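Enquirer: structure of the sequence below:
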Amino acid sequence: MVRRTTGGAPFIAANARRLYLIAAAVGLGGQAVVLLEAWGRATVLNHPQIAPYVHSGVEISFSPLLAGLGVAVAAEVFRQGAALRADVEGLV
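Expert: Below is the predicted model:
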């Protein structure tokens, strides 16, 4: 994707598809890591030998989903740019 961008053709359908894949990996993969970490922490801290000595609170962050949404917005911009480029290509 970087090679295409530096070559002067960033708004192509392939770059938009790549950005959508990156958005899915960041959003869903990142959220899976957050949930697995919370589950692992709760499992360890709720063990009968450890539980009396610790406070087991669970925090879940939705930052990966927001980051994935931001990348998806950028992917949509690239998709719209590719469509506009295809429309204008024959006019110039």
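Enquirer: if I look at residue 64, how far off is residue 31?
Expert: Using Cβ to Cβ, to the nearest Å, residue 64 is found at 5 Å from residue 31. For every residue, glycine as well, the C-beta is placed using N, CA and C.
Enquirer: no wait, residue 15
Expert: 24 Å.
Enquirer: same check on residue 76?
Expert: 20 Å.
Enquirer: report all helices and strands that the lengthiest helix in the chain contacts.
Expert: What stands out as the longest helix in the chain, according to DSSP state H, is helix 63-88. Helices and strands touching helix 63-88, by 3 or more Cβ pairs under 8 Å, 6 or more residues apart in numbering; DSSP states H and E, are helix 13-24, helix 30-45.
Enquirer: would you mark the buried spots in the longest one?
Expert: Right, helix 30-45. Buried residues in helix 30-45, counting neighbours by 16 or more other Cβ atoms under 10 Å, are found at 30-31, 34.
Enquirer: and for the first one?
Expert: Of the residues in helix 13-24, those buried by neighbour count under the rule 16+ other Cβ under 10 Å are 15-16, 19-20, 22-23.
Enquirer: I'd say residue 74 and residue 19 touch.
Expert: Yes - at 5.8 Å, residue 74 and residue 19 qualify as touching, with contact defined as Cβ atoms under 8 Å.
Enquirer: so who does residue 38 touch?
Expert: Going by Cβ atoms under 8 Å, 6 or more residues apart in numbering, residue 38 touches 58-60.
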